[in-house]
Structure formats: structure tokens, C-alpha cells
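Q: mind looking at a prediction? Sequence and model below.
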Amino acid sequence: MSRGQHWFDALTQNMQQKPSPVPSVCVADGELAGRPCRVILVRPDAANPFPRARSGEVGLLEGWALAKVVQEATGDKRTLLAIVDVPSQAYGRREEALGIHQALAAAAGAYAKARQAGHPVLALLVGKAMSGAFLAHGYQANAILALDDAGVMVHAMGKAAAARVTQRSEEDLDRLAASIPPMAYDLKNYASLGLLSGRIEVSSAEAPTGSDLEKVNAALAAAQQQALGSTSLAHRLDGENRQASKKVRQLLRQQWALES
């Protein structure tokens with residue numbers, strides 16, 4: 001059983017499991033700190049008709065299913081909680097030919113529209129949060145929380161794939177990551193970019209204890225309260241390594257004002 005499944009089962013034990021368009025997407029409805037909440041997980045499915053999406057990757061079916069279950073939940077004001085444990089998007093010729101970019105864009109768009117409509121959107125990273133899979137499932141959240149554990153990693157590309165693309169060894173990438181935060185996989189560097197709302201210390205990231213669940217639920221409740229009425233992601237520019245980004249935006253606004 002995947003990390004994501006362990007945490008989904010633990011966090012939704014008092015919730016109602018809902019039917020899902022595909023077996024690889026789990027959905028449960030209940031409450032978080034007294035507010036309606038829908039919890040969503042992408043999990044491995046060994047019987048997935050697309051072989052490239054059998055280990056928890058977000059593929060064609062998962063992208064469209066995420067868009068559907070998110071859109072269905074936005075009829076009433078409720079919190080959306082994405083439990084994130086995704087190794088990557090599904091890489092394959094069939095996926096490219098059938099438009100995986102559209103499926104994942106539909107998922108990301110559904111989360112973004114929900115957030116912009118005033119639904120608190122939260123992401124809880126319990127395992128890997130890699131590449132297009134994370135963009136489609138979790139990255140559009142008002143708040144991104146993560147278990148403070150070495151098994152939780154965030155990046156645009158898996159390390160082995162990044163090594164192939166850059167024609168470097170994985171050891172070389174680790175050395176570069178020590179001085180270039182965006183190249184790192186660990187949470188400390190990711191937090192320095194301003195993209196992480198908080199890290200949660202737990203005793204077992206693999207199989208949560210009762211105490212772990214209390215900590216996570218408390219952190220989620222606090223993030224939910226802070227997200228109420230908020231639709232902007234501007235706070236992501238407040239990280240210590242985002243000052244250049246803020247400067248570029250300032251200069252662009254000044255140039256736009258002069259030319260208009």
C-alpha cells in the first residue's frame with residue numbers, strides 16, 4: 001500500500017467514500033474542523049489500461065477524473081484536500097498522442113477555479129510530488145503542507161530523469177543542489193522558495209499514528225481557516241529565494257506603465 005493510501009485511509013476513516021470515475025482516484029466527503037471537505041488521492045493501480053500510469057502517476061484517466069471530482073464538489077462551499085504522493089505524470093507515446101497535456105490542464109484548471117471561487121484548497125504532501133503530476137494535483141492549493149520526512153520530495157523531474165536530460169550524474173546534481181535551491185529535492189530548499197506553507201513533524205510518515213493524525217488535522221484546520229476568503233497565491237513570492245522574481249515583476253509593471 002502506498003503512503004498516500006495510508007494517509008487517505010487514516011484521514012477519511014470517519015468520512016463517506018464516494019464513487020470515482022477511475023480506480024486510481026480515491027474520493028471521500030466529510031468535515032474538516034466543522035466545514036464540509038472533500039479529500040482526493042491519486043494512487044497506484046496495477047490494472048490501469050495505460051501501463052505508464054500503474055505506479056501512481058497522473059495520466060490521461062487520472063487527469064480527467066480529477067477535473068470531474070473537483071468540479072462536482074464546487075456546487076457547495078467546501079474545502080478540497082489533495083493528498084499528494086505522485087512520482088510523475090505518465091510518460092508514453094499513447095499519452096502524448098491522446099492529449100495528456102489537456103487532461104492535466106483540466107485537473108489544474110478545476111483546482112484553480114475552485115480556489116478562485118472561494119473554496120479553500122489544501123495540499124498535503126506525504127510522499128513524492130513530482131513534475132506534471134504535482135502541477136495537476138496539489139500545486140494550485142491555497143496552502144501546501146508537507147510531512148517533515150526525507151521521503152517527501154518535490155521537484156520538476158525525478159533525479160534519474162534529470163541526470164539523463166542534463167547529462168550529469170546524480171551525484172553531480174546533488175552537489176549543484178547544495179548551492180542552487182531550485183535544483184534540490186528536499187523540503188528545506190523548497191520552503192526557501194516560498195511555496196511551502198508548513199512542515200509537520202510526525203513519528204511515522206509511512207503509517208500514521210493517532211498522535212500524527214492529531215498534528216496533521218490541526219495543521220490542516222489552521223490552513224483552512226487562513227485560506228477562507230483568500231484566492232491569491234501572491235504569498236508564494238515571499239520566500240527568501242524569490243526576491244529576484246519580485247524585482248522582475250516590479251520592473252515589468254513599471255515598463256508596462258510607461259508604455260501604456
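A: Sure thing, it's come through.
Q: where in this protein is pLDDT low?
A: Scanning the chain for pLDDT under 70 picks out the ranges 156-163, 165-170, 172-174, 176-185, 241, 260.
Q: quick one, longest strand in it?
A: Determined from DSSP state E, the single longest strand within the chain is strand 121-130.
Q: mind listing what's buried in that one?
A: Buried positions in strand 121-130, judged by neighbour count with 16 or more other CB atoms under 10 Å: Val121, Leu122, Ala123, Leu124, Leu125, Val126, Gly127, Lys128, Ala129, Met130. (C-beta placed from N, C-alpha, C; glycine too.)
Q: which of those lies closest to Phe8?
A: Nearest to Phe8 among these: Val126, at 8.8 Å, using CB to CB.
Q: so the closest one versus His155, what's the distance?
A: Counting by CB to CB, to the nearest Å, the gap between Val126 and His155 amounts to 16 Å.
Q: tell me where this protein has strands.
A: Along the chain, counting by DSSP E, strands occupy 16-18, 25-32, 35-42, 79-86, 121-130, 143-147, 153-155, 198-200.
Q: what helices and strands are in contact with the second one?
A: Where contact means 3 or more CB pairs under 8 Å, 6 or more residues apart in numbering; DSSP states H and E, strand 25-32 is packed against helix 3-11, strand 16-18, strand 35-42, helix 60-72, helix 210-227.
Q: between these, which one is nearest to Pro51?
A: Closest of the helices and strands packed on strand 25-32 to Pro51 is helix 60-72, at 12.2 Å (criterion: CB to CB).
Q: give me the residues contacting that closest one.
A: The contact list for helix 60-72, computed with CB atoms under 8 Å, 6 or more residues apart in numbering, reads 18, 20-22, 24-25, 27, 38, 40, 42, 48-50, 53, 58, 80, 90, 95, 98-100, 102-107, 109-111, 113-114, 136-137.
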